[in-house]
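**Student:** Following is a predicted model, sequence given first.
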Amino acid sequence: MKKLMIILLALLLCGTAFAHEHPAIPAHRTEPANGTIALADALTNAMQALPVRPEQYQTRAELVYMTDDSCRWIVTVFDLTTLTDGWCVEMDAFTGDVTMSCTTDDGFFRETYNAWAVHKGPHVLWSLEDKQLYDALYAVMPAYGLPMPGDLSAEDALKKALAVLAMDDAAGYDVGYGYLMGGEGYNGVWEICLVVDDQVNYRVNLDAVTGEVYYMEPDEGNG
């Protein structure tokens, strides 16, 4: 019994250390509930927390549950003059207290990305839902989305990518799926990556409806 208690205590301490070292990240969107502050109040709080107020800006706000089961408003503000300067403010969804803020001068919130990578690994292997949520929260111009009715399935997109690469299967590779959103007059794009040791070896982008290949190359990038 004593040994069991020691093991349980060690596990608890490890979990606490991980939570302290690695901040919680958004898990999924949620709807306003009794007691959550209004969107307008969340935007006001976020603007008041900025070190500077840009003359022209775009705001985006999402109410999310975090991996630590807390509920937060996440507000991003982008300077429309530079298109690269941005600020992200997280706040308690019930009190409005700011829990985290970060900034970028290159259009990329490195602090939030690093936190997600700790929890989920390299971006290329994130789920479609995670890529879509991350872009919706933090990207100046969100690119990743979810497949639409009439699109190829992920399985069919992989088969077409393997055929282009003259491969029978993806044995020996982790497969990363991404879906780049289309728009009026053009289809979405499946992004299929074959990954070894978190590094992208092959990447094939193809039309999500027709399967036409738009881009293909061996890739020595960092995933």
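**Tutor:** Nice, thanks for sending it over. Numbering: from 1, shown residues only.
**Student:** can you confirm Asn45 is in a strand?
**Tutor:** No: counting by DSSP: H, G, I helix; E, B strand; the rest coil, Asn45 is located in no strand; its state is helix.
**Student:** For burial, what's the neighbour tally of it?
**Tutor:** Asn45 is flanked by 19 other residues according to other Cβ atoms under 10 Å. Just so you know, the C-beta spots here come from the backbone N, C-alpha and C atoms, and that holds for glycine as well.
**Student:** try Asp135
**Tutor:** Quick note: Asp135 (other Cβ under 10 Å) scores 17 neighbours.
**Student:** List the residues that contact it.
**Tutor:** Shown in contact with Asp135 (Cβ atoms under 8 Å, 6 or more residues apart in numbering): 142-145.
**Student:** Filter those residues down to the buried ones and hand me the ChimeraX line.
**Tutor:** Per 16 or more other Cβ atoms under 10 Å, the buried members of these correspond to this ChimeraX selection:
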select :142,144,145
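**Student:** Now go through the contacts of Asp135 and say which are in helices.
**Tutor:** If you go by DSSP state H, the contacts of Asp135 have nothing in helices.
**Student:** Adding distance to Ala46, write the contacts of Asp135 out as CSV.
**Tutor:** Shown next, in CSV, are the contacts of Asp135 (distance: Cβ to Cβ, whole Å):
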residue, distance to Ala46
Pro142, 19
Ala143, 23
Tyr144, 24
Gly145, 25
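**Student:** which phi and psi does the closest residue to Met47 other than its chain neighbours have?
**Tutor:** Using Cβ to Cβ, 6 or more residues apart in numbering and skipping the chain neighbours, the partner closest in space to Met47 is Arg53 (6.5 Å). Torsion angles at Arg53 (phi, psi; degrees, to the nearest 10) stand at phi -110, psi 110.
**Student:** What's the separation between Arg53 and Thr59?
**Tutor:** Arg53 sits 12 Å away from Thr59, going by Cβ to Cβ, to the nearest Å.
**Student:** Also Glu90?
**Tutor:** Glu90 is 14 Å from Thr59, by Cβ to Cβ.
**Student:** More neighbours: these two, which one.
**Tutor:** Under the criterion of other Cβ under 10 Å, the comparison of Glu90 against Thr59 puts Glu90 first, with 26 against 15.
**Student:** and the helix or strand containing that one, which strands flank it?
**Tutor:** Applying DSSP states H and E as the criterion places Glu90 in strand 86-92. Strand pairing for strand 86-92, determined by DSSP bridges: strand 71-79 (antiparallel), strand 98-104 (antiparallel).
**Student:** and the residue nearest to Met47, what pLDDT?
**Tutor:** Listed pLDDT for Arg53 reads 90.
**Student:** same question, Thr84
**Tutor:** Thr84 carries a pLDDT score of 88 in this model.
**Student:** Please report how far it lies from Thr103.
**Tutor:** Taking Cβ to Cβ, one finds Thr84 at 11 Å from Thr103.
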